[in-house]
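> attaching a predicted model along with its sequence, questions to come.
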Amino acid sequence: MPGIKAWIEAMRLRTLPVSVAGVIVGCGCAAYYGSFAWPQAVICLLFAVIAQICSNFANEYYDFRNGLDRKGREGFRRGVTEGDIRPEAMKRATYGLLMADALLGCTLIWWGGPWLFFIGLAIGLFALAYSTGPYPLSHHGLGDAAVVVFFGFVPVCFTCYVQTLFWQWWGVTVPLSLAVGLLAACVLVVNNYRDFDDDLAVGKRTLIVKLGRRSGPWVYLIFGLGALVLAWIALYDRIGKGWTAAAAVYAAAILLLFREVSRRKGAELNPILGMTAMLLLVSSVAVTVALACR
């Protein structure tokens, strides 16, 4: 898989809806409070997607450097491990893209104030700390919690903030941010459940490795239904009866996906990973439309 195809695969396009979803819901929250603004929304969207790509690149480079990947793995093809991308090129791409994203994020200071620099710094550090550093989060069972924070709470709350310029710590914003984060974590659960044997063999202690293989589908279900409960808390009194039907469709989708996660192993789980990411994206769009039209 030479050239551009290897780089596109390294971006892990199937997972990018995870970063898009949080920004979309943040925009929905801003619209709900009557303060939606296109410039901030577009910048937040680009910043979030690039940050996820940086994290994916860093994960591929550092897992290869630390000997945690092997050729022919069950998951998505790793260009560095398979020899399609030189490790030095991946490292340069990671840090170059991270610097470009930092400059893009700094433009939000115009609206939100200079303190946003520290939020951007935390996001950049997370993109690297997920896979490297003295205590890589993904190697010690903290990847799921980090996903809830950096793909849920941070994008939803701060996308809303740079448009509204006020904090709504409860209302719709915080519970919806945690709902987005939990469903985003479901994508990681599928990934780690698929990679259970590979991770166990190299000592990578993901949450699923710590809890045991059988926990995978159940953690997926708990996170997925937890997201529904949080969204219900945020939306039930605000959207009306239509929300009940939408919640029922979502619950049915999660139960069907839970059944498939329980039945499949290895590479057979790759489509479920993509389906979970798309469920997050579709749900986020639906919630945003409902909030904006309220």
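Thanks, I have the structure now. Not measured: the values here are computed from a predicted model. Residues are numbered from 1 along each chain as shown.
> C-alpha only now, for contacts and for neighbours.
Fine.
> low-confidence stretches in the stretch 101-250 of the chain?
Residue ranges of the stretch 101-250 of the chain with pLDDT under 70: 169, 238-242.
> can you map out the helices along it?
109-112, 116-129, 143-148, 154-164, 173-194, 196-202, 207-211, 215-239, 242-263 (DSSP state H, counting those that start in this stretch).
> what about Val180, neighbour count?
35 (other C-alpha atoms under 10 Å).
> swap in the one 4 residues further on?
The tally of other residues near Ala184 (other C-alpha under 10 Å) stands at 31.
> which residues touch it?
By C-alpha atoms under 8 Å, 6 or more residues apart in numbering, the contact set of Ala184 is 18, 147-148, 151-152, 277, 280.
> Ala253: which of those residues is nearest?
Leu280 (10.8 Å; C-alpha to C-alpha).
> right, and the closest one touches Ala179 too?
No: in this structure, Leu280 is not within contact of Ala179 by C-alpha atoms under 8 Å, at 9.7 Å.
> now the closest residue to Phe36 other than its chain neighbours: phi and psi?
Of all residues not flanking Phe36 in the chain, Ala30 sits nearest, at 5.0 Å (C-alpha to C-alpha, 6 or more residues apart in numbering). Dihedral pair for Ala30: phi -60, psi -40, per degrees, to the nearest 10.
> quick one: Ala30 and Thr164 touch, right?
Yes: with contact defined as C-alpha under 8 Å, Ala30 and Thr164 form a contacting pair (6.0 Å).
> name the residues contacting each of these two.
Contacts common to Ala30 and Thr164, judged by C-alpha under 8 Å, 6+ apart, are Phe36.
> those two: which is more packed in?
More neighbours surround Ala30 than the other of Ala30 and Thr164, with 28 against 21 (other C-alpha under 10 Å).
> and that one, what does it touch?
36, 159-161, 163-164.
> can you tell which of the helices of the stretch 101-250 of the chain is closest to Ala58?
helix 116-129 (6.2 Å).
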